[in-house]
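[1] kindly return the folded structure for what I paste below:
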Amino acid sequence: MSYTKEKSLKSRILAIALAAALAVTGAFSFAGFTGADEAQAAVKSVKMNRVSSRSIVFQDQELRGLWVGFCDFYALGLSNKSEKTFTKNAKKLMKNAKKNGCNVIFFHVRAFDDASWKSKKFPASKYLTSRASRSKSAYKTYSYDPLEIMIREAHAKGLELHAWMNPYRITQSTYLDPARLSSRNRVLKAIKELQEYDIDGIHFDDYFYHGKRYVKSSKRSKRYKVRISAKKKRQNVNKLIKAAYKQTHKQYGVAFGVSPQGNYENDMNDGADVKTWLRSSGYIDYLIPQIYWSDKWGSRGKVKMYTKRLKQFMGMKRAPGVKMYIGLALYRTGIRAYDDKGWKKSSYNMKNQVKKLRAKGADGYSLFSAPDLTKKHAKAELKHLRQYLGL
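    Below you'll find the predicted structure:
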(Lines give C-alpha, C1' and ligand atoms only; values in the text may rest on other atoms or scores of the structure.)
Protein backbone atom coordinates (compact mmCIF):
# COMPACT_ATOMS: atom_id res chain seq x y z
CA MET A 1 0.00 0.00 0.00
CA SER A 2 1.41 3.44 -0.90
CA TYR A 3 2.01 6.03 1.80
CA THR A 4 -0.64 8.39 0.43
CA LYS A 5 -3.24 5.61 0.21
CA GLU A 6 -2.36 4.38 3.70
CA LYS A 7 -2.74 7.91 5.02
CA SER A 8 -6.11 8.26 3.29
CA LEU A 9 -7.35 4.94 4.68
CA LYS A 10 -6.32 5.86 8.22
CA SER A 11 -8.08 9.20 7.87
CA ARG A 12 -11.28 7.52 6.69
CA ILE A 13 -11.22 4.99 9.53
CA LEU A 14 -10.61 7.73 12.08
CA ALA A 15 -13.30 9.89 10.52
CA ILE A 16 -15.89 7.11 10.66
CA ALA A 17 -15.05 6.42 14.30
CA LEU A 18 -15.22 10.09 15.16
CA ALA A 19 -18.50 10.55 13.34
CA ALA A 20 -19.99 7.58 15.17
CA ALA A 21 -18.88 8.92 18.53
CA LEU A 22 -20.31 12.35 17.81
CA ALA A 23 -23.59 10.85 16.64
CA VAL A 24 -23.92 8.95 19.94
CA THR A 25 -23.41 12.12 21.93
CA GLY A 26 -25.98 13.92 19.82
CA ALA A 27 -23.53 16.38 18.33
CA PHE A 28 -24.95 15.73 14.84
CA SER A 29 -28.54 15.01 15.84
CA PHE A 30 -30.25 17.91 14.13
CA ALA A 31 -32.61 17.20 11.23
CA GLY A 32 -31.21 16.65 7.74
CA PHE A 33 -27.64 15.79 8.77
CA THR A 34 -26.93 12.37 7.27
CA GLY A 35 -24.28 9.79 8.09
CA ALA A 36 -22.40 10.79 4.94
CA ASP A 37 -22.43 14.40 6.11
CA GLU A 38 -21.12 13.31 9.49
CA ALA A 39 -18.22 11.40 7.91
CA GLN A 40 -17.35 14.33 5.64
CA ALA A 41 -17.36 16.78 8.53
CA ALA A 42 -15.26 14.40 10.61
CA VAL A 43 -12.68 14.04 7.82
CA LYS A 44 -12.38 17.83 7.61
CA SER A 45 -12.04 18.06 11.39
CA VAL A 46 -9.35 15.38 11.50
CA LYS A 47 -7.33 17.12 8.76
CA MET A 48 -7.55 20.50 10.46
CA ASN A 49 -6.56 19.04 13.83
CA ARG A 50 -3.65 17.12 12.29
CA VAL A 51 -2.16 20.25 10.78
CA SER A 52 -2.81 22.60 13.68
CA SER A 53 -1.39 20.14 16.20
CA ARG A 54 1.85 19.59 14.27
CA SER A 55 2.47 22.72 12.25
CA ILE A 56 5.23 24.95 13.56
CA VAL A 57 4.26 27.80 11.23
CA PHE A 58 0.79 28.11 12.75
CA GLN A 59 2.12 27.99 16.31
CA ASP A 60 4.69 29.94 18.32
CA GLN A 61 7.39 27.27 18.21
CA GLU A 62 10.68 28.43 16.68
CA LEU A 63 11.21 27.15 13.15
CA ARG A 64 14.65 25.68 12.46
CA GLY A 65 14.67 24.70 8.81
CA LEU A 66 17.01 22.94 6.42
CA TRP A 67 16.95 23.32 2.64
CA VAL A 68 17.42 20.10 0.64
CA GLY A 69 17.96 21.30 -2.94
CA PHE A 70 18.08 19.52 -6.29
CA CYS A 71 21.80 20.29 -6.50
CA ASP A 72 22.28 18.35 -3.27
CA PHE A 73 20.58 15.11 -4.31
CA TYR A 74 23.78 13.51 -5.58
CA ALA A 75 25.87 14.47 -2.54
CA LEU A 76 23.15 13.15 -0.20
CA GLY A 77 22.96 9.80 -1.96
CA LEU A 78 19.46 10.36 -3.34
CA SER A 79 20.28 10.36 -7.05
CA ASN A 80 19.91 7.20 -9.18
CA LYS A 81 19.52 4.93 -6.19
CA SER A 82 17.40 1.85 -5.48
CA GLU A 83 14.45 2.34 -3.16
CA LYS A 84 16.35 0.64 -0.35
CA THR A 85 19.41 2.87 -0.71
CA PHE A 86 17.34 6.02 -1.18
CA THR A 87 15.45 5.22 2.03
CA LYS A 88 18.66 4.49 3.92
CA ASN A 89 20.16 7.83 2.90
CA ALA A 90 16.92 9.70 3.60
CA LYS A 91 17.00 8.29 7.13
CA LYS A 92 20.59 9.45 7.52
CA LEU A 93 19.68 12.93 6.34
CA MET A 94 16.80 13.22 8.81
CA LYS A 95 19.01 11.97 11.64
CA ASN A 96 21.65 14.65 10.89
CA ALA A 97 18.99 17.33 10.63
CA LYS A 98 17.52 16.37 13.99
CA LYS A 99 20.98 16.21 15.59
CA ASN A 100 21.58 19.84 14.59
CA GLY A 101 18.29 21.09 15.96
CA CYS A 102 16.28 21.27 12.73
CA ASN A 103 12.53 20.70 12.83
CA VAL A 104 11.53 21.48 9.23
CA ILE A 105 12.83 20.05 5.94
CA PHE A 106 12.34 22.09 2.76
CA PHE A 107 12.57 19.37 0.11
CA HIS A 108 13.02 20.44 -3.52
CA VAL A 109 10.09 18.93 -5.40
CA ARG A 110 9.95 21.25 -8.42
CA ALA A 111 13.22 22.80 -9.61
CA PHE A 112 12.79 22.95 -13.40
CA ASP A 113 9.08 22.44 -14.12
CA ASP A 114 9.65 18.82 -13.08
CA ALA A 115 8.59 16.59 -10.18
CA SER A 116 10.30 14.81 -7.30
CA TRP A 117 7.07 12.87 -6.80
CA LYS A 118 5.14 10.39 -8.94
CA SER A 119 3.37 13.10 -10.88
CA LYS A 120 1.00 12.20 -13.70
CA LYS A 121 1.37 15.66 -15.25
CA PHE A 122 5.04 16.59 -14.90
CA PRO A 123 8.31 14.84 -15.85
CA ALA A 124 10.65 13.28 -13.31
CA SER A 125 13.64 15.23 -12.00
CA LYS A 126 16.81 14.36 -13.89
CA TYR A 127 18.65 15.05 -10.65
CA LEU A 128 16.92 12.04 -9.06
CA THR A 129 16.95 9.64 -11.99
CA SER A 130 18.80 9.33 -15.28
CA ARG A 131 15.60 7.89 -16.76
CA ALA A 132 13.92 11.29 -16.66
CA SER A 133 12.43 12.55 -19.93
CA ARG A 134 10.38 15.62 -20.80
CA SER A 135 8.14 13.38 -22.90
CA LYS A 136 7.27 11.00 -20.06
CA SER A 137 5.53 11.64 -16.75
CA ALA A 138 7.23 11.10 -13.42
CA TYR A 139 4.52 8.54 -12.63
CA LYS A 140 5.77 6.36 -15.49
CA THR A 141 9.44 7.04 -14.73
CA TYR A 142 10.01 6.48 -11.02
CA SER A 143 9.93 2.90 -9.73
CA TYR A 144 9.15 4.32 -6.27
CA ASP A 145 7.94 7.66 -4.98
CA PRO A 146 10.81 9.82 -3.64
CA LEU A 147 8.47 12.29 -1.94
CA GLU A 148 6.53 9.58 -0.09
CA ILE A 149 9.77 8.27 1.38
CA MET A 150 11.03 11.71 2.36
CA ILE A 151 7.74 12.53 4.09
CA ARG A 152 7.65 9.22 5.92
CA GLU A 153 11.24 9.50 7.15
CA ALA A 154 10.88 13.17 8.12
CA HIS A 155 7.73 12.53 10.14
CA ALA A 156 9.33 9.47 11.76
CA LYS A 157 11.95 11.83 13.21
CA GLY A 158 9.38 14.43 14.26
CA LEU A 159 10.32 16.77 11.41
CA GLU A 160 7.91 18.66 9.19
CA LEU A 161 8.34 18.43 5.42
CA HIS A 162 7.49 21.38 3.19
CA ALA A 163 7.44 20.97 -0.59
CA TRP A 164 9.92 23.46 -2.08
CA MET A 165 9.09 24.74 -5.58
CA ASN A 166 10.68 27.08 -8.09
CA PRO A 167 7.43 28.19 -9.69
CA TYR A 168 8.54 29.52 -13.08
CA ARG A 169 11.98 28.12 -13.88
CA ILE A 170 12.25 25.68 -16.82
CA THR A 171 16.03 25.90 -17.40
CA GLN A 172 18.72 28.14 -15.93
CA SER A 173 17.94 30.74 -18.61
CA THR A 174 14.27 30.15 -19.44
CA TYR A 175 11.15 30.70 -17.36
CA LEU A 176 7.40 30.48 -17.65
CA ASP A 177 6.00 33.95 -18.24
CA PRO A 178 4.48 35.20 -14.95
CA ALA A 179 2.15 37.47 -16.92
CA ARG A 180 0.25 34.53 -18.43
CA LEU A 181 -2.69 32.72 -16.88
CA SER A 182 -1.38 29.45 -18.34
CA SER A 183 1.79 29.83 -16.25
CA ARG A 184 -0.15 30.34 -13.04
CA ASN A 185 -2.43 27.43 -13.81
CA ARG A 186 0.54 25.15 -14.43
CA VAL A 187 2.03 25.93 -11.01
CA LEU A 188 -1.36 25.52 -9.30
CA LYS A 189 -1.74 22.08 -10.91
CA ALA A 190 1.53 21.06 -9.28
CA ILE A 191 0.36 22.37 -5.90
CA LYS A 192 -2.90 20.46 -6.22
CA GLU A 193 -1.02 17.21 -6.89
CA LEU A 194 1.28 17.82 -3.93
CA GLN A 195 -1.66 18.33 -1.61
CA GLU A 196 -2.54 14.67 -2.10
CA TYR A 197 0.53 13.95 0.02
CA ASP A 198 0.90 14.40 3.77
CA ILE A 199 3.05 17.51 3.36
CA ASP A 200 3.16 20.30 5.94
CA GLY A 201 3.58 23.23 3.57
CA ILE A 202 4.29 24.66 0.13
CA HIS A 203 7.46 26.73 -0.19
CA PHE A 204 8.52 29.02 -3.09
CA ASP A 205 12.12 30.00 -3.80
CA ASP A 206 13.33 33.35 -5.20
CA TYR A 207 13.13 32.60 -8.93
CA PHE A 208 10.62 35.10 -10.28
CA TYR A 209 11.73 37.63 -12.91
CA HIS A 210 15.53 37.58 -13.24
CA GLY A 211 17.44 40.22 -15.15
CA LYS A 212 17.32 39.74 -18.92
CA ARG A 213 16.62 36.02 -18.90
CA TYR A 214 14.07 34.68 -21.32
CA VAL A 215 10.50 33.72 -20.51
CA LYS A 216 7.97 31.68 -22.40
CA SER A 217 4.40 30.46 -22.09
CA SER A 218 3.67 26.77 -21.67
CA LYS A 219 1.75 27.09 -24.96
CA ARG A 220 4.43 29.01 -26.81
CA SER A 221 7.79 27.65 -27.91
CA LYS A 222 9.35 30.96 -28.92
CA ARG A 223 11.42 32.60 -26.22
CA TYR A 224 11.38 36.34 -25.65
CA LYS A 225 12.92 38.85 -23.26
CA VAL A 226 10.90 40.68 -20.63
CA ARG A 227 10.67 44.44 -21.10
CA ILE A 228 8.24 45.69 -18.45
CA SER A 229 8.50 47.84 -15.33
CA ALA A 230 9.32 46.50 -11.88
CA LYS A 231 5.82 47.49 -10.78
CA LYS A 232 4.25 45.40 -13.53
CA LYS A 233 6.47 42.45 -12.65
CA ARG A 234 5.27 42.62 -9.06
CA GLN A 235 1.66 42.80 -10.16
CA ASN A 236 2.07 39.69 -12.33
CA VAL A 237 3.83 37.67 -9.63
CA ASN A 238 1.34 38.75 -6.98
CA LYS A 239 -1.45 37.04 -8.91
CA LEU A 240 0.31 33.70 -8.51
CA ILE A 241 1.27 34.29 -4.87
CA LYS A 242 -2.31 35.10 -3.94
CA ALA A 243 -3.66 32.11 -5.89
CA ALA A 244 -1.06 29.78 -4.36
CA TYR A 245 -1.96 30.96 -0.86
CA LYS A 246 -5.63 30.30 -1.53
CA GLN A 247 -4.87 26.85 -2.98
CA THR A 248 -2.64 25.76 -0.10
CA HIS A 249 -5.28 26.78 2.44
CA LYS A 250 -8.14 25.24 0.48
CA GLN A 251 -8.01 21.67 1.76
CA TYR A 252 -6.79 21.83 5.34
CA GLY A 253 -4.56 24.84 5.61
CA VAL A 254 -1.00 23.72 4.95
CA ALA A 255 1.43 26.58 5.30
CA PHE A 256 2.56 28.68 2.35
CA GLY A 257 5.70 30.81 2.34
CA VAL A 258 8.36 32.36 0.13
CA SER A 259 12.13 32.63 0.46
CA PRO A 260 13.28 35.72 -1.49
CA GLN A 261 16.74 37.21 -1.84
CA GLY A 262 18.16 38.95 1.20
CA ASN A 263 18.50 42.11 -0.88
CA TYR A 264 15.18 43.98 -0.59
CA GLU A 265 15.87 46.27 -3.53
CA ASN A 266 16.60 43.34 -5.85
CA ASP A 267 13.44 41.60 -4.67
CA MET A 268 11.22 44.54 -5.57
CA ASN A 269 12.94 44.99 -8.95
CA ASP A 270 12.58 41.29 -9.83
CA GLY A 271 8.89 41.03 -9.03
CA ALA A 272 9.14 39.70 -5.46
CA ASP A 273 6.78 42.15 -3.75
CA VAL A 274 7.82 41.31 -0.19
CA LYS A 275 6.40 44.58 1.11
CA THR A 276 2.87 43.67 0.02
CA TRP A 277 3.18 40.01 0.99
CA LEU A 278 4.16 40.92 4.54
CA ARG A 279 1.74 43.70 5.31
CA SER A 280 -1.37 42.35 3.54
CA SER A 281 -3.33 39.25 4.53
CA GLY A 282 -3.94 36.51 1.98
CA TYR A 283 -0.48 36.30 0.40
CA ILE A 284 1.86 34.28 2.64
CA ASP A 285 2.08 32.65 6.05
CA TYR A 286 5.79 33.36 6.33
CA LEU A 287 8.82 34.93 4.64
CA ILE A 288 12.43 33.65 4.74
CA PRO A 289 14.78 36.27 3.26
CA GLN A 290 18.16 34.74 2.42
CA ILE A 291 20.53 36.92 4.43
CA TYR A 292 23.71 35.20 3.28
CA TRP A 293 26.30 37.68 4.57
CA SER A 294 28.47 37.98 7.66
CA ASP A 295 29.10 41.12 9.70
CA LYS A 296 32.53 41.55 8.16
CA TRP A 297 31.39 41.98 4.60
CA GLY A 298 33.26 43.86 1.86
CA SER A 299 36.84 43.89 0.64
CA ARG A 300 37.98 45.49 3.91
CA GLY A 301 35.62 43.47 6.10
CA LYS A 302 34.09 46.55 7.71
CA VAL A 303 30.40 46.32 6.77
CA LYS A 304 27.94 44.67 9.19
CA MET A 305 25.86 43.42 6.30
CA TYR A 306 24.02 40.65 8.14
CA THR A 307 22.92 43.00 10.91
CA LYS A 308 21.98 45.67 8.39
CA ARG A 309 19.76 43.38 6.32
CA LEU A 310 18.27 41.71 9.39
CA LYS A 311 17.27 45.10 10.78
CA GLN A 312 15.74 46.08 7.44
CA PHE A 313 13.54 43.01 7.11
CA MET A 314 12.57 42.86 10.77
CA GLY A 315 11.58 46.53 10.60
CA MET A 316 8.99 45.91 7.88
CA LYS A 317 5.31 46.02 8.76
CA ARG A 318 3.64 42.62 8.99
CA ALA A 319 0.01 41.58 8.97
CA PRO A 320 -1.18 39.61 12.03
CA GLY A 321 -0.02 36.00 11.92
CA VAL A 322 2.63 36.45 9.21
CA LYS A 323 5.91 34.96 10.43
CA MET A 324 9.45 36.08 9.65
CA TYR A 325 12.23 33.50 9.47
CA ILE A 326 15.80 34.18 8.36
CA GLY A 327 17.77 32.17 5.78
CA LEU A 328 21.36 31.55 6.93
CA ALA A 329 24.39 30.63 4.79
CA LEU A 330 25.75 27.46 6.38
CA TYR A 331 27.46 26.72 3.05
CA ARG A 332 29.74 29.76 3.46
CA THR A 333 31.00 28.95 6.96
CA GLY A 334 34.72 28.38 7.32
CA ILE A 335 35.39 29.32 3.71
CA ARG A 336 37.68 32.16 2.64
CA ALA A 337 35.96 34.77 0.48
CA TYR A 338 37.51 38.03 -0.72
CA ASP A 339 34.16 39.85 -0.53
CA ASP A 340 33.06 38.54 2.88
CA LYS A 341 35.94 37.90 5.25
CA GLY A 342 33.81 37.12 8.28
CA TRP A 343 33.12 33.52 7.32
CA LYS A 344 36.78 32.53 7.62
CA LYS A 345 37.70 34.76 10.55
CA SER A 346 35.20 33.28 13.00
CA SER A 347 33.54 29.96 13.77
CA TYR A 348 30.72 31.63 15.70
CA ASN A 349 28.83 33.17 12.78
CA MET A 350 25.83 30.80 12.94
CA LYS A 351 25.53 31.10 16.71
CA ASN A 352 25.78 34.89 16.66
CA GLN A 353 23.36 35.24 13.75
CA VAL A 354 20.73 33.09 15.45
CA LYS A 355 21.27 35.04 18.67
CA LYS A 356 20.74 38.33 16.82
CA LEU A 357 17.66 37.23 14.90
CA ARG A 358 16.10 36.04 18.15
CA ALA A 359 16.87 39.39 19.78
CA LYS A 360 15.15 41.15 16.87
CA GLY A 361 12.03 39.02 17.29
CA ALA A 362 12.36 36.69 14.29
CA ASP A 363 10.32 33.48 14.48
CA GLY A 364 13.13 31.14 13.42
CA TYR A 365 15.67 30.41 10.71
CA SER A 366 16.63 27.98 7.94
CA LEU A 367 20.06 26.68 6.95
CA PHE A 368 21.36 26.33 3.40
CA SER A 369 22.14 23.64 2.67
CA ALA A 370 21.78 20.00 3.75
CA PRO A 371 25.17 18.51 2.67
CA ASP A 372 27.01 21.10 4.76
CA LEU A 373 25.77 19.44 7.94
CA THR A 374 28.54 16.89 7.48
CA LYS A 375 31.19 19.04 5.80
CA LYS A 376 34.48 19.79 7.54
CA HIS A 377 34.28 23.52 6.85
CA ALA A 378 31.06 23.83 8.90
CA LYS A 379 31.98 21.48 11.77
CA ALA A 380 33.07 24.14 14.27
CA GLU A 381 30.18 26.46 13.40
CA LEU A 382 27.61 23.70 13.92
CA LYS A 383 29.21 22.67 17.20
CA HIS A 384 28.91 26.20 18.57
CA LEU A 385 25.35 26.51 17.27
CA ARG A 386 24.32 23.25 18.94
CA GLN A 387 25.85 24.43 22.22
CA TYR A 388 23.92 27.69 21.98
CA LEU A 389 20.69 25.77 21.28
CA GLY A 390 21.35 23.52 24.26
CA LEU A 391 21.66 20.33 22.21
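[2] please make it C-alpha for all contacts and neighbour counts, starting now.
    Noted.
[3] K383 and A255: what is the separation?
    30 Å (Cα to Cα, to the nearest Å).
[4] swap that for R358, please
    22 Å.
[5] and what of G101?
    For G101, the distance to A255 equals 21 Å [Cα to Cα].
[6] more crowded one of these two?
    Taking other Cα atoms under 10 Å, G101 and A255 do not tie; A255 has more neighbours (22 against 18).
[7] just checking, that one touches F204?
    No - counting by Cα atoms under 8 Å, A255 sits too far from F204 to count as a contact (11.2 Å).
[8] checking my notes, Y175 in a strand, right?
    Yes - using DSSP: H, G, I helix; E, B strand; the rest coil, the assignment for Y175 is a strand.
[9] what sits against it?
    Y168, R169, R213, Y214, V215, K216 (Cα atoms under 8 Å, 6 or more residues apart in numbering).
[10] contacting residues around the fourth one?
    It stands for Y214. Contacts for Y214 (Cα under 8 Å, 6+ apart) come out as S173, T174, Y175, R223, Y224, K225, V226.
[11] highest neighbour count among these?
    Y175 (26 neighbours).
[12] beta-bridge partners for it, please?
    Counting by DSSP bridges, Y175 is bridged to R169, V215.
[13] any idea of the pLDDT on it?
    pLDDT recorded at Y175 is 90.
[14] cool, R213 as well?
    Reported pLDDT at R213 in the predicted model: 70.
[15] wait, it touches L176, no?
    No - applying Cα under 8 Å, one finds R213 not in contact with L176, separated by 10.8 Å.
[16] of the two, which one has the most company?
    The residue with more neighbours, out of R213 and L176, is L176; 27 against 14, by other Cα under 10 Å.
[17] W67: what secondary structure?
    Three-state call for W67 (three-state DSSP): strand.
[18] can you tell me how far it is from A90?
    Distance of W67 to A90, given as Cα to Cα: 14 Å.
[19] overlap of the contact sets of those two?
    With Cα under 8 Å, 6+ apart, W67 and A90 have no common neighbours.
[20] the strands in the stretch 201-350 of the chain, which residues?
    201-204, 214-216, 224-225, 255-258, 286-287, 323-328 (DSSP state E, counting those that start in this stretch).
[21] export these to TSV and tack on distance to W343?
    TSV is the format used below for those (distance: least, Cα to Cα, whole Å):
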stretch	distance to W343
strand 201-204	27
strand 214-216	34
strand 224-225	37
strand 255-258	26
strand 286-287	24
strand 323-328	12
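[22] least reliable of these going by mean pLDDT?
    Lowest mean pLDDT of the strands of the stretch 201-350 of the chain: strand 214-216, a mean of 74.
[23] any idea how far it is from the chain center?
    Distance of strand 214-216 from the chain centroid (Cα atoms, centre = their mean, to the nearest Å) equals 24 Å.
[24] what does stretch 263-283 contact?
    For stretch 263-283, contacts defined as Cα under 8 Å, 6+ apart pick out 206, 208-211, 230-238, 241-242, 245-246, 260-261, 284, 286-287, 291, 309, 313, 316-320, 322.
[25] repeat the analysis, applying 7 Å as the threshold.
    The contact list for stretch 263-283 (Cα atoms under 7 Å, 6 or more residues apart in numbering) reads 208-210, 230, 233-234, 237, 241-242, 245, 260-261, 284, 317-319, 322.
[26] so how far is stretch 342-352 off the chain centroid?
    Mean-position distance between stretch 342-352 and its chain equals 26 Å (Cα atoms, centre = their mean).
[27] so for it, mean pLDDT?
    Rounded mean pLDDT across stretch 342-352 is 97.
[28] list the buried residues for that stretch?
    For stretch 342-352, the neighbour count (16 or more other Cα atoms under 10 Å) marks G342, W343, K344, S347, Y348, N349, M350, K351, N352 as buried.
[29] got the angle between whatever helix or strand N352 lives in and strand 323-328?
    Using DSSP states H and E, N352 maps to helix 349-359. Taking axes from the mean of the first three to the mean of the last three Cα atoms, to 10 degrees, one finds helix 349-359 and strand 323-328 inclined to each other by 160 degrees.
[30] and the residue lying closest to P260 once chain neighbours are set aside, what does it touch?
    Nearest residue to P260, sequence neighbours excluded (Cα to Cα, 6 or more residues apart in numbering): D206, at 4.4 Å. By Cα under 7 Å, 6+ apart, the residues touching D206 are S259, P260, Q261.
[31] the first one touches P289, doesn't it?
    Which is S259. Yes - look at S259 against P289 with Cα atoms under 7 Å: they come within range, at 5.3 Å.
[32] between those two, which has more neighbouring residues?
    Using other Cα under 10 Å as the criterion, S259 and P289 rank with P289 on top: 27 against 22.
[33] roughly how far does that one sit from R309?
    Distance of P289 to R309, given as Cα to Cα: 9 Å.
[34] what residues are shared contacts of the two?
    Common contacts of P289 and R309, defined by Cα under 7 Å, 6+ apart, comprise G262.
[35] where does the prediction get shaky in the chain?
    Counting by pLDDT under 70, the chain shows low-confidence ranges at 1-54, 211-212, 217-221, 251-252.
[36] quickly list the domain ranges of it.
    According to automatic domain parsing, the chain comprises the domains 1-54, 60-389.
[37] can you tell me which of the ones you listed is most buried?
    Highest mean neighbour count of the domains of the chain: domain 60-389, a mean of 19 (counted as mean count of other Cα atoms under 10 Å).
[38] next, the distance between the ends of it.
    Terminal residues of domain 60-389 are spaced 17 Å apart (Cα to Cα).
[39] surely L385 is in contact with M350?
    Yes - using Cα under 7 Å, L385 makes contact with M350 at a distance of 6.1 Å.
[40] roughly how far apart are R180 and N166?
    Taking Cα to Cα, one finds R180 at 16 Å from N166.
[41] for the buried residues of stretch 342-352, which one is nearest W117?
    Checking the buried residues of stretch 342-352 against W117 with Cα to Cα, the nearest one is M350 at 32.6 Å.
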